[in-house]
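Enquirer: need a structure here:
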Amino acid sequence: MTLVVGLAFQDGVVLASDSQEDVEAGAIRRLDVQKLWPLANGPKVKAAMGASGHHGMMVHAYERVAARVGSLNRLTRQALISVAEEALWDLSKRYRHERGKSVEEVSSEEATPLHLLIAGMDLERREPFVVYLPGSGPDTGIAESPHDYEAVGATTYAYYILGTLYRKGLERWQALELAIYTIAETERICPTVGGSIQAIVVDEKEVEELSPVEIQGLLERVGKRRHALVEGWWQGGLPVR
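Expert: I've put the predicted structure just below:
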């Protein structure tokens, strides 16, 4: 299990993730797994992608989605989501449906659910979007309606945090701090979340990957306000400077 969160703010979206791969037989497999990628930077839509699952499957998913996005003559939000749906369904068939293996024969890579988050800015509508694409179950590969926030992986506590603190109309810095706080706080209680934190911000101008130095600065600011948050000192659920 891992954790990727996406949330919208006034003029864009934030994607953040941990970097720990799933625990297998009680052992952490990797602590440096990339789970976020810039995906589109066109005149009609700018977006990034996050994934939760086995590392190899996440990379395959990104490569397939990115290749199809690059081949589109007219990239829109709906076209972007459609190619992600197709890529996820193709991978699901490759790893599960077409192999016909029994449970005992399925490898850890095949057994680990792959889930995607697509987040970005629809420049035609001038609105942010966060879309979840499930990689298992009856709705495999079918994108949900856009949400203001979403999480995949170890979501129970993350949903609690986001459901309690998220508000519409966040500013960029508020969304960033809330996303970083959600990852860091979940790591405190969930052994399957860990490693360095990654983050991407998408707005009307660019798709920006935050540096480790920027992430560390956010962690320090969030850490200083953690007790104020726990004791209910945030105004309307939002941190104040």
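Enquirer: in a helix, residue 131, correct?
Expert: No. Using DSSP: H, G, I helix; E, B strand; the rest coil, the secondary structure at residue 131 is strand, not a helix.
Enquirer: what's near enough to touch the spatially closest residue to residue 209 that is not a sequence neighbour?
Expert: Excluding its sequence neighbours, the residue lying closest to residue 209 (CB to CB, 6 or more residues apart in numbering) is residue 200, at 5.3 Å. To be clear about C-beta, it is placed using only N, CA and C from the backbone, and glycine gets the same treatment. Residues in contact with residue 200 (CB atoms under 8 Å, 6 or more residues apart in numbering) are 14, 15, 16, 36, 37, 38, 48, 207, 208, 209, 210.
Enquirer: please enumerate the helices of this structure.
Expert: Using DSSP state H, the helices of the chain run over residues 55-71, 77-92, 108-111, 155-165, 172-189, 212-230.
Enquirer: now the ones you listed in a markdown table, with mean pLDDT and distance to residue 122?
Expert: Listed next are the helices of the chain as a markdown table, based on pLDDT from 0 to 100; distance: least, CB to CB, whole Å:
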| stretch | mean pLDDT | distance to residue 122 |
| --- | --- | --- |
| helix 55-71 | 90 | 15 |
| helix 77-92 | 90 | 4 |
| helix 108-111 | 51 | 34 |
| helix 155-165 | 91 | 21 |
| helix 172-189 | 94 | 17 |
| helix 212-230 | 83 | 26 |
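Enquirer: turn those helices into TSV, including mean neighbour count and distance to residue 195.
Expert: Conversion of the helices of the chain to TSV gives the following (neighbours: other CB atoms under 10 Å; distance: least, CB to CB, whole Å):
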stretch	mean neighbour count	distance to residue 195
helix 55-71	18	12
helix 77-92	20	24
helix 108-111	14	18
helix 155-165	16	16
helix 172-189	21	9
helix 212-230	14	12
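Enquirer: to residue 143, which of those lies closest?
Expert: Residue 143 lies closest, by CB to CB, to one member of the helices of the chain: helix 77-92, at 4.9 Å.
Enquirer: ignoring the adjacent residues along the chain, who's closest to residue 149?
Expert: Closest residue to residue 149 apart from its sequence neighbours, by CB to CB, 6+ apart: residue 7 at 3.9 Å.
Enquirer: give me the number of residues near that neighbour?
Expert: With neighbours defined by other CB atoms under 10 Å, the count for residue 7 comes to 26.
Enquirer: make residue 1 into 56 and carry on from there
Expert: Will do, 56 is the new start, and the previous item becomes residue 62.
Enquirer: got a list of what it touches?
Expert: By CB under 8 Å, 6+ apart, the contact list for residue 62 reads 68, 69, 185, 203, 204, 205, 217, 221, 225, 230, 233, 234.
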